[in-house]
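# let me see the structure of the following:
(one chain, ligands or ions: 1)
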Amino acid sequence: MKTLGLLAVMALLIYSCSPKSGASSSEKFAKYADSEGKTLFMDKCGRCHGYKLPETRSADKWVKVIDRMAPKARLNADQKAAVLTFVQQYAKS
Ligand code: HEC
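Residues are numbered from 1 along each chain as shown. Here you go, the predicted model:
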């Protein structure tokens with residue numbers, strides 16, 4: 001009986017330590033501080049094309065890009081502003 005309990009505990013431990021799926025994309029985003037815009041970006045902006053990361057465009061360029069992409073990603077005005085803040089924060093200078 002004791003051995004069985006121990007086995008159950010070990011199985012639980014092993015299970016809870018196994019890597020979660022999607023770890024690679026959260027690794028890619030680990031360098032950015034967490035924010036609503038970051039979450040939205042990760043959620044909505046990689047569906048049609050791969051992620052176009054913030055540092056690949058300048059802040060000026062992002063204004064135009066987000067204007068075009070917000071309707072595609074079905075962002076409301078608040079979400080659009082949050083994503084724009086996020087990408088501009090890390091934009092290419
Ligand atoms: C419904 C599909 C779709 C979604 C969702 C989407 N995009 Fe796009 N995106 C496209 C298509 C199609 C293009 C290429 C045509 C174009 O540039 O308009 C593109 C192009 C781009 C480009 C390159 C434009 C350039 O001129 O350099 C960037 C950057 C980009 N998307 C960022 C984003 C971001 C950020 C989001 C999230 C807010 C997003 N996309 C969501 C379809 C999508």
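# could you pull out the helices for this structure?
According to DSSP state H, the chain carries its helices in the segments 2-17, 23-28, 36-44, 59-72, 77-89.
# among those, which comes closest to the ligand?
Nearest of those to the ligand, taken as C-beta to the nearest ligand atom: helix 59-72 at 3.6 Å. C-betas here are computed from N, CA, C, even on glycine.
# residues in this structure within reach of the ligand, list them.
44-45, 47-49, 52, 57, 65, 68-70, 72-73, 75, 83 (C-beta under 6 Å from any ligand atom).
# by neighbours, which of the residues you listed wins?
V83 (27 neighbours; other C-beta atoms under 10 Å).
# count the neighbours of Y32 for me.
Y32 has 18 neighbours, counted by other C-beta under 10 Å.
# with F86 instead?
24.
# related to what we said a few turns ago, can you redo the helices of the chain as TSV with mean pLDDT?
Shown next, in TSV, are those (pLDDT from 0 to 100):
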stretch	mean pLDDT
helix 2-17	57
helix 23-28	80
helix 36-44	98
helix 59-72	98
helix 77-89	98
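# which member of the residues of the chain next to the ligand is positioned nearest K92?
Nearest to K92 among the residues of the chain next to the ligand: R57, at 6.2 Å, using C-beta to C-beta.
# from V63, how far off is that closest one?
10 Å (C-beta to C-beta, to the nearest Å).
# likewise G50?
From G50 to V63 the distance is 21 Å (C-beta to C-beta).
# more crowded one of those two?
Shown here are G50 and V63; by other C-beta under 10 Å, V63 has more neighbours (14 against 7).
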